[in-house]
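In: Generate a structure from the sequence data that follows.
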Amino acid sequence: MRQFTPSFTRTLLASATAVLVGATAFSAQAETRVTYKSASAGTAYYQMGVELSEAIRKGTDGDIQLTLEESQGSVQNVMEVMARQGNYVFTTPPGLVKSAMAGDGPFAERQSPRFQEIRGLFPIPAITMHFVVAGGEGVIGIEDLEDKHILIGRGTFGAREAERYLELFDMMDRVRVASAEIGSGPDALKNGQIDAFVTASSFPTPNVIETAASMSISLVSLTDEQIEQTGAARQTIPAGTYSGVDQDVETTSLPVIAYTTTGMDDDTAYTLTKTFWERRDAMAEETAWWGSITHDMVGNIAGSLHPGAVRYYDEAGIEIPDELR
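Out: Predicted coordinates for the structure are as follows:
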């Protein structure tokens, strides 16, 4: 049998190690990392981010990894387009993208040409307005908020919408508005520091489930006339969605879209969009809110779609409006 010298053996081992290191480096390079900016921890949209991250990991065999980041709201998500590079995905109502591109609303004082680079990918479950009130009545009217101490949050879509509704229905001067972040709402309600809080999230939303499980709550239900006054879409929260709320709750909702920018390459946008739709039914089996997503909701996207997303929709035979191309 041929005997190898110690120096030859060391050389062989070094070569094998180099090959393994090279293979590992190649594998790491092949993995695409995407930042996903969602919402505050404890909200439905943060949980959706967790679920979506896992769905993308499974659907791509780990080739795309979504790193979930907490956010204080949709305005922040859009604002960060100014500084983010590469694979940045964020969620927001399409109206805020329109405002960013037009340089008005919350973006009037902070305009940026980067906002013109925003591109749509796919819809996610709609934002649903919840007015959560201490007490076991189950369903109440918005006028029943009179003299109550209510937390609506700061800087989020839900906070702005809650303020708009209170003003619209002449309630702003008849309630006390707490100055605190929306994430503290459930604990503050349980501790008796406030009488109500507002959260804008898809239902069933975790912070309301948690609150209803530990104390008696009621939800504000709007009349047909009030819903029409808001100009928003009607949304029914079915009876029994939350413990102790045994009647349907009529409220409003707003579309939400997963966006990226032109900084994302076409193949990554294509794979993300394709994997989302292919995993939608599996996600819906785990959490009901994903079952509300339909192909026609693509039409809610403001601006235009990412070319990679367009490629998937065309391949799948999903109709998209010409203005989104």
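In: would you say residue 177 is within a helix?
Out: No - read with DSSP: H, G, I helix; E, B strand; the rest coil, residue 177 is strand and lies in no helix.
In: so it bridges to which residues?
Out: Beta bridges link residue 177 to residue 150 when assigned by DSSP bridges.
In: Which parts of the stretch 201-325 of the chain are helices?
Out: For the stretch 201-325 of the chain, the helices defined by DSSP state H, counting those that start in this stretch occupy 206-214, 224-230, 266-286, 307-316.
In: Would you mind telling me which of the ones you listed is nearest residue 129?
Out: Closest to residue 129 of the helices of the stretch 201-325 of the chain is helix 224-230 (C-beta to C-beta; 8.7 Å). Backbone N, C-alpha and C define where each C-beta goes, glycine included.
In: now that closest one: mean pLDDT?
Out: Per-region confidence: helix 224-230 scores 96 on mean pLDDT.
In: So for the chain, which residue is the most central one in space?
Out: residue 45 (4.2 Å; C-alpha atoms, centre = their mean).
In: Hmm, residue 36 and it touching each other?
Out: No - using C-beta atoms under 8 Å, residue 45 is not in contact with residue 36; the gap is 10.7 Å.
In: just to revisit the earlier point, can you tell me which of the helices of the stretch 201-325 of the chain is nearest to residue 77?
Out: helix 266-286 (16.4 Å).
In: residues contacting residue 161?
Out: With contact taken as C-beta atoms under 8 Å, 6 or more residues apart in numbering, residue 161 is in contact with 129, 200, 232, 254.
In: Work out for me the element it sits within.
Out: helix 157-168 (DSSP states H and E).
In: how about the contacts of residue 161 in a markdown table, adding neighbour count and distance to residue 209?
Out: Converted to a markdown table, these look like this (neighbours: other C-beta atoms under 10 Å; distance: C-beta to C-beta, whole Å):
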| residue | neighbour count | distance to residue 209 |
| --- | --- | --- |
| 129 | 26 | 16 |
| 200 | 32 | 16 |
| 232 | 18 | 23 |
| 254 | 21 | 21 |
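In: Where does pLDDT dip in the chain?
Out: 1-30 (pLDDT under 70).
In: residues contacting residue 194?
Out: Per C-beta under 8 Å, 6+ apart, neighbours of residue 194: 149, 150, 151, 178, 185, 188.
In: any idea how far residue 187 is from it?
Out: With distances taken as C-beta to C-beta, to the nearest Å, residue 194 is found 10 Å from residue 187.
In: What of residue 60?
Out: 37 Å.
In: Same check on residue 291?
Out: On the measure of C-beta to C-beta, residue 291 and residue 187 end up 31 Å apart.
In: the inter-axis angle of the longest strand that the chain contains versus helix 206-214?
Out: Longest strand of the chain, by residue count under DSSP state E: strand 118-134. Strand 118-134 and helix 206-214 are oriented at 20 degrees to each other (axes from the mean of the first three to the mean of the last three C-alpha atoms, to 10 degrees).
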